[in-house]
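Asker: output the structure for:
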Amino acid sequence: MSAVYTASATATGDGRGGHTRSSDGVLDLDLAVPKEMGGPGGHLTNPEQLFAAGYAACFHSALKLVAGKQKITLTDTAITVDVGIGPNGQGGYGLTVAIEAELPGLDETTARGLLDAAHQVCPYSNATRGNVDVTLTVA
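Answerer: Residues are numbered from 1 along each chain as shown. As a prediction, the model looks like this:
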């Protein structure tokens, strides 16, 4: 594969409780470990939130792409991605992903077909396939 765009970010400090900054400075955030993982939580973001936001945006674009190819008009759609983290039973940690699509005006069969097609196109879905449990739901 030949990349058409490459994003670059650097993490410093205490990792999950440190700081992250993109190479262009657009993203420049302090991070906090969530309370559920023994950290302070609060108003700072964490890697799972950043991953969820990126996956949701990317999946939404993939959904609109496949809908357009099928000549299906989408209005007022939304994608929500929940990213979970926990012990993987092998001394490390793993992720889970739940994707929920709001596709008003579409019947269940059409909505499910679009969701499945988007899951085949989305780069995040392709990167996680076989490595992360991903569930797809139509709201």
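Asker: tell me which element the residue nearest in space to the middle of the chain falls in.
Answerer: When the chain is reduced to its mean C-alpha position, the nearest residue by Cα atoms, centre = their mean turns out to be Tyr55, at 2.2 Å. Tyr55 is part of helix 47-69 when elements are defined by DSSP states H and E.
Asker: give me the buried positions along stretch 115-123.
Answerer: Buried residues in stretch 115-123, counted by 16 or more other Cβ atoms under 10 Å: 115, 117-119, 121-122. Quick note: C-beta positions are derived from backbone N, CA and C, even for glycine.
Asker: ugh, wrong one, stretch 66-76
Answerer: The neighbour-count check on stretch 66-76 (16+ other Cβ under 10 Å) flags 66-67, 72, 74 as buried.
Asker: looking at those residues, which is nearest Asn131?
Answerer: Comparing these against Asn131 with Cβ to Cβ places Val66 closest, at 22.5 Å.
Asker: any idea how far Ala57 is from the closest residue to that closest one other than its chain neighbours?
Answerer: Setting aside the residues directly before and after it, Val66 is nearest to Ala117 in space (Cβ to Cβ, 6 or more residues apart in numbering), at 4.2 Å. Distance, Ala117 to Ala57, by Cβ to Cβ, to the nearest Å: 18 Å.
Asker: with Glu108 instead?
Answerer: Distance from Glu108 to Ala57, counting by Cβ to Cβ: 25 Å.
Asker: and for Thr110?
Answerer: 23 Å.
Asker: on that earlier part again, nearest to Asp28, of the buried residues of stretch 115-123?
Answerer: Closest approach between these and Asp28, by Cβ to Cβ: Cys122, at 26.5 Å.
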